[in-house]
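[1] Here is my input, please return the structure:
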Amino acid sequence: MKARTFFLAIIACGIALTACKKDETYAEQKEREVKAINNFLGSDTYIISNDGMDTVLHVGKINAISEETFEAQDSVTDLSRNEYVLFAKSGIYMQIVREGVGNRLEVGQTARVIARYLEYNILSDSIQSRNDVFYWHTNPDIMEVSNRYGLYSAAFSTANGGGAMYQTYGNTSVPNGWLVPFPYIRIGRQLEADDRIAKVRLIVPHSEGTQKASSGVYPCFYEITFQRTRD
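    Residues are numbered from 1 along each chain as shown. Sure thing, here's the model as predicted:
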């Protein structure tokens, strides 16, 4: 009888916690997100594989700089200081690990771009999706990116069933946060041994992320490389 009472009490507690979460206001969810981002910035973060066996990436403690400082230093983030520029209007943080080779996407141009990425849910402290592994090597995410007078837009290709982002989220929408780096990077291909394609790291709040992130009000960290497809 006591065991049954204890079991019922556990169920009741679970229901109560679920109800509390559902009753959480949007303002409270956003406050929780901001706290999670601030904690991520100030922590010496290591991203661990979901099986707990490997360290995938050492993010480190982040030094946030303003857009004014970023512009004053020729739109470069100092890797030795682990700098990320904060775009105040969107709340996105960006680090340019490599500017890349080739050319920037000029006004009026459209390019097909291969994106290989790691997506880490900051709120749940877990890798949410990725295509930077061998399984996705022959079927990466390909984006059609356009620059219309400084306004960038993009969509994921669904060819061959689409890449990891399309298959994970079921739509072709590219998160707004993924488009932020394009004014500052070059989109080319590795033609020589010492060529390095563009690589960025981003902290993307829910409002600039995937539809799932937007509805769930959670922020994500991304590490992404961008490479132009063969003509």
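[2] And N63, how close does it get to N171?
    35 Å (CB to CB, to the nearest Å). Yep, even glycine has a C-beta here, placed from its N, CA and C like the rest.
[3] Tell me where this structure has strands.
    45-48, 55-60, 63-65, 83-87, 92-98, 110-121, 126-130, 141-148, 151-156, 198-204, 220-228 (DSSP state E).
[4] Could I get the ones you listed in a markdown table, plus columns for mean neighbour count?
    As requested, those are exported to a markdown table (neighbours: other CB atoms under 10 Å):
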| stretch | mean neighbour count |
| --- | --- |
| strand 45-48 | 16 |
| strand 55-60 | 14 |
| strand 63-65 | 16 |
| strand 83-87 | 20 |
| strand 92-98 | 21 |
| strand 110-121 | 20 |
| strand 126-130 | 17 |
| strand 141-148 | 19 |
| strand 151-156 | 16 |
| strand 198-204 | 23 |
| strand 220-228 | 22 |
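[5] would you turn the ones you listed into a markdown table with distance to P175 and mean pLDDT?
    As requested, the strands of the chain are exported to a markdown table (distance: least, CB to CB, whole Å; pLDDT from 0 to 100):
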| stretch | distance to P175 | mean pLDDT |
| --- | --- | --- |
| strand 45-48 | 19 | 96 |
| strand 55-60 | 19 | 97 |
| strand 63-65 | 20 | 98 |
| strand 83-87 | 14 | 98 |
| strand 92-98 | 10 | 98 |
| strand 110-121 | 9 | 97 |
| strand 126-130 | 12 | 97 |
| strand 141-148 | 11 | 97 |
| strand 151-156 | 9 | 97 |
| strand 198-204 | 6 | 98 |
| strand 220-228 | 8 | 97 |
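[6] can you redo these as a markdown table with distance to E31?
    Shown next, in a markdown table, are the strands of the chain (distance: least, CB to CB, whole Å):
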| stretch | distance to E31 |
| --- | --- |
| strand 45-48 | 21 |
| strand 55-60 | 23 |
| strand 63-65 | 19 |
| strand 83-87 | 18 |
| strand 92-98 | 18 |
| strand 110-121 | 18 |
| strand 126-130 | 21 |
| strand 141-148 | 32 |
| strand 151-156 | 30 |
| strand 198-204 | 17 |
| strand 220-228 | 18 |
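[7] out of those, nearest to V180?
    strand 92-98 (5.4 Å; CB to CB).
[8] Taking strand 83-87 as reference, get the angle to that closest one.
    140 degrees (axes from the mean of the first three to the mean of the last three CA atoms, to 10 degrees).
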